[in-house]
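Chemist: Here you go, sequence then predicted model.
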Amino acid sequence: MVHLSHKFSTIPINFIPKQFSKHLPQQIQSQTTPPFIPFSQRQNQRSLLESQLISALNCCTSLTQIQQIHARILRKGFEQCCYVLTKLIRILTKMEIPMDSYAKLVFNQVENPNPFLCTALIRGYCLQGLVKESVFVYSEMRKKSVLPISFTFSALFKACGVVNDVDLGRQIHGQTILIGGFGFDLFVKNSLIEMYVKLGFLGCGRKVFDELPERDLISWTELIVGYVKAGDMESAGELFSELPKKDMVAWTAMVTGYAQNAKPREALEFFERMLNEGVETDEVTLVGVISACAQLGAAKYANWIRDIVENLGFSPTRCVVVGSALIDMYSKCGSVEDAYKAFKVMEEKNVFSYSSMIAGFAMHGYAYAALELFHEMVKIGIKPNKVTFIGVLTACSHSRMVEQGRQIFESMEEKFGISPGVDHYSCMVDLLGRAGCLEEALNLAETMPLEPNGGVWGALLGACRTYSNPDIAQIAANHLFELEPNAIGNYILLSNIYASAGQWNDVLMVRKMMREKGLRKNPGCSWLETKKGVIQEFFAGDMSHPRYGEMKQVLEDLLNRLKAIGYQPNMNSIAYDVSDEEKRRILITHSEKLALAFGLLDINADFPVRIMKNIRMCEDCHSFICGVSQITRRVIIVRDNLRFHHFHDGKCSCGNFW
């Protein structure tokens with residue numbers, strides 16, 4: 001006899017009529033199949049779960065959380081879902097988890113990865129600088145006949161830019177052509193322009209740009225920025241003028257470009273146009289304009305941009321980036337007092353604001369103030385950076401604080417974990433050279449662990465001029481001629497050193513080298529701001545100024561009064577083998593003397609005469625202006641290409657050490 005339970009157990013449960021199933025034993029009732037769910041409904045449930053997983057991944061802030069969500073992905077059967085796994089890899093990339101330790105393992109378990117998943121892995125490798133690995137993934141992707149997408153190429157082009165590999169970039173460029181379909185892809189083309197521009201192949205970038213059937217703001221701006229970085233402001237300006245719609249980024253590129261390429265007037269002109277057009281400005285724009293004002297060194301522009309900054313809501317009190325730029329501007333405009341006021345009112349101070357103020361003190365010769373500020377920032381827990389140390393070492397250099405400079409240089413790595421760079425070694429060579437330790441400076445330059453650059457040898461050559469050492473000067477100059485073969489200043493400095501030593505044959509040799517290379521000396525130029533706020537420029541030997549007659553009379557009167565108190569022209573400041581009378585004529589028409597004469601005529605006696613100069617001030621002009629400050633009781637401030645000189649009552653802030 002067959003038991004009922006056995007008979008029922010052989011019959012599929014879903015074939016038992018519903019009215020009888022309630023009479024079955026409980027254990028059999030529990031085996032009843034769940035109700036039927038239509039396919040569309042199951043798809044909706046799966047899509048909802050995918051969305052939940054994506055949202056959960058977006059909220060992850062640690063590797064542990066990612067692993068928990070990954071476990072849920074596996075439990076729910078999404079281990080082959082490219083959509084979810086693409087997000088997982090992107091989150092791992094965002095959190096800078098090494099690709100091979102996690103993301104690659106996830107990727108390898110997927111049987112049929114789609115283009116988005118492949119691209120996520122490629123992008124991750126690229127962002128971590130592993131370009132070879134990203135190219136390998138791309139190659140495997142192509143072997144499996146998986147077609148790349150726009151993001152694939154943009155990631156690869158960015159990687160080529162990071163590792164400076166234009167050859168690889170060209171190969172990938174070729175892939176976009178071979179595969180086809182990307183000729184009209186603006187996203188890919190813009191990434192391609194960006195790569196060529198970054199690698200310095202502007203011609204290739206321009207060719208891609210010119211072949212574009214349609215362009216957007218990114219296309220135009222990428223190329224404009226490329227020309228700006230190359231110093232070709234003419235081409236940048238032409239492109240900008242053709243740009244149909246100019247946004248803040250394009251305007252800012254032009255403003256900062258002119259400022260970075262030593263064209264401050266043009267930068268200010270563009271900024272004024274930008275304001276007149278009603279274009280919004282941001283911190284980047286303002287920093288560029290502030291930099292241009294700093295280059296001009298004129299109080300008129302400094303006050304003008306300060307008011308604009310305040311009106312736009314970027315007061316140094318609240319904006320540390322703009323505040324740091326204002327500190328630098330005031331320092332370079334000759335008002336370290338205003339720079340310190342801007343520094344003091346800043347509610348938030350960081351390493352950049354401290355470094356700017358330290359550099360400001362350094363360029364004005366306030367070494368003790370610079371060192372005090374340095375120790376203050378360390379005490380309150382702000383870690384100095386490489387720029388900070390350049391400012392501190394410069395302060396020590398300009399004030400002959402050799403021992404303090406040595407201690408700070410040694411503390412860089414020992415105390416702060418910062419390896420000295422070539423610029424720091426340059427500061428140390430300058431510090432030793434200015435203090436007259438030429439042999440020690442030469443030894444440091446020859447034994448430093450890094451390859452010395454032009455700054456190192458230039459500092460040593462400048463010290464040789466101060467201490468009249470033609471032998472070490474020749475060693476430094478030989479290195480400079482290799483590193484900077486067309487830098488005319490090095491040849492002139494060596495020629496001046498030979499002239500000071502009376503080695504006229506060597507002077508002729510250096511001048512012959514200059515002629516053979518076709519090098520021409522840039523004329524000395526000085527400028528100042530008149531009482532009406534106009535910038536007046538003066539060039540050495542230029543007698544074309546409308547008020548030259550008055551200026552000449554002022555200089556002759558000053559010269560006679562100075563001779564009465566013992567001043568004698570320093571003939572060694574002229575590196576020409578000409579008569580003493582001719583040397584005197586050349587000296588009296590140096591650009592800073594012309595600017596000084598005009599300033600004494602134009603500027604009220606209650607205000608200082610502020611002069612900016614494009615090259616180093618010569619010894620004769622320094623002693624001349626020092627004497628003028630004594631006999632006229634005027635405050636005279638001169639900024640040359642090295643530092644500020646504050647002349648008052650016959651003394652200079654540099655202590656005759658510059």
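Modeler: All right, it came through fine.

Chemist: C-alpha from now on. contacts and neighbour counts both.
Modeler: Noted.

Chemist: top helix in the chain by residue count?
Modeler: helix 39-58 (DSSP state H).

Chemist: now the helix or strand following that helix, how far from the chain's geometric center?
Modeler: Counting by DSSP states H and E, the next helix or strand C-terminal to helix 39-58 is helix 63-75. From the chain centre to the centre of helix 63-75 is a distance of 41 Å (Cα atoms, centre = their mean, to the nearest Å).

Chemist: same deal with stretch 612-632?
Modeler: 33 Å.

Chemist: Touching that stretch from outside, list them.
Modeler: Stretch 612-632 has contacts (Cα atoms under 8 Å, 6 or more residues apart in numbering) with 296-297, 524-528, 558, 561-562, 567, 569-571, 573, 587, 590, 592-593, 634-636, 638-642, 647-652.

Chemist: Same check on stretch 559-568?
Modeler: Contacts for stretch 559-568 (Cα under 8 Å, 6+ apart): 624, 627-628, 631.

Chemist: Columns pLDDT on top of the residues you listed, output as CSV?
Modeler: Formatted as CSV, the contacts of stretch 559-568 follow (pLDDT from 0 to 100):
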residue, pLDDT
624, 95
627, 94
628, 95
631, 94
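
Chemist: Which ones among those map onto helices?
Modeler: Per DSSP H, the contacts of stretch 559-568 map to helices at 624, 627-628, 631.

Chemist: Which one of those residues sits in the busiest neighbourhood?
Modeler: The most neighbours of any of those, using other Cα atoms under 10 Å, belong to residue 627, which has 26 neighbours.

Chemist: Check the spacing between it and residue 612 real quick.
Modeler: When distance is defined by Cα to Cα, to the nearest Å, residue 627 is 19 Å away from residue 612.

Chemist: In TSV, list the ones in helices among the contacts of stretch 559-568 along with distance to residue 468.
Modeler: Output for the ones in helices among the contacts of stretch 559-568, formatted as TSV (distance: Cα to Cα, whole Å):
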residue	distance to residue 468
624	21
627	24
628	27
631	31
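
Chemist: Now flag whichever of the residues you listed is closest to residue 97.
Modeler: residue 624 (64.7 Å; Cα to Cα).

Chemist: Distance of the closest one relative to residue 616?
Modeler: In terms of Cα to Cα, residue 624 sits 15 Å off from residue 616.

Chemist: and what of residue 449?
Modeler: When residue 449 is compared with residue 616 (using Cα to Cα), they lie 30 Å apart.

Chemist: What of residue 417?
Modeler: 35 Å.

Chemist: who's more crowded, these two?
Modeler: Neighbour totals were compared for residue 417 and residue 616, and residue 616 leads with 13 against 10 (other Cα under 10 Å).

Chemist: for that one, phi and psi?
Modeler: Phi and psi for residue 616, reported as degrees, to the nearest 10, are phi -60, psi 140.

Chemist: ditto for residue 419
Modeler: phi -70, psi 130.

Chemist: now do residue 80
Modeler: phi -110, psi 10.

Chemist: same thing with residue 639?
Modeler: phi -110, psi 110.

Chemist: Closest one of the contacts of stretch 559-568 to residue 538?
Modeler: residue 624 (17.4 Å).

Chemist: The closest one and residue 164, how far apart?
Modeler: Residue 624 is 52 Å from residue 164, by Cα to Cα.

Chemist: and if you look at residue 154?
Modeler: Taking Cα to Cα, one finds residue 154 at 15 Å from residue 164.

Chemist: Also residue 589?
Modeler: Taking Cα to Cα, one finds residue 589 at 49 Å from residue 164.

Chemist: of those two, who's got more company?
Modeler: Using other Cα under 10 Å, the more surrounded residue of residue 589 and residue 164 is residue 589, with 19 against 16.

Chemist: I'd say the more buried one and residue 540 touch.
Modeler: Yes - contact criterion Cα atoms under 8 Å: residue 589 and residue 540 qualify, at 5.8 Å.

Chemist: any idea which helix or strand carries the residue nearest to residue 314 when sequence neighbours are not counted?
Modeler: Distances taken as Cα to Cα, 6 or more residues apart in numbering put residue 322 closest to residue 314, at 6.8 Å, once the chain neighbours are dropped. According to DSSP H and E, residue 322 maps onto helix 320-332.

Chemist: what's next to the helix or strand following that helix, contact-wise?
Modeler: Downstream of helix 320-332, the next assigned helix or strand under DSSP H and E is helix 336-345. With contacts defined as Cα under 8 Å, 6+ apart, helix 336-345 is touched by 316-317, 323-324, 326-331, 353, 357, 360-361, 364.

Chemist: one step back: show me which of the contacts of stretch 612-632 are buried.
Modeler: 296-297, 524-528, 558, 562, 569-571, 573, 587, 590, 592-593, 634-636, 638-640, 647-652 (16 or more other Cα atoms under 10 Å).

Chemist: Next step: those restricted to helices.
Modeler: 296, 558, 562, 587, 592-593.

Chemist: Show me which of these is closest to residue 240.
Modeler: Taking Cα to Cα as the measure, residue 240 sits nearest to residue 296 out of those, at 24.5 Å.

Chemist: show me the contacts for that closest one.
Modeler: So residue 296 contacts 264-265, 333, 612 (Cα under 8 Å, 6+ apart).

Chemist: what number of residues lie near residue 509?
Modeler: So residue 509, with other Cα under 10 Å, has 12 neighbours.

Chemist: check which helix or strand covers it.
Modeler: helix 504-517.

Chemist: pretty sure residue 182 is touching residue 191, no?
Modeler: No - judged on Cα under 8 Å, residue 182 makes no contact with residue 191 at a distance of 11.9 Å.
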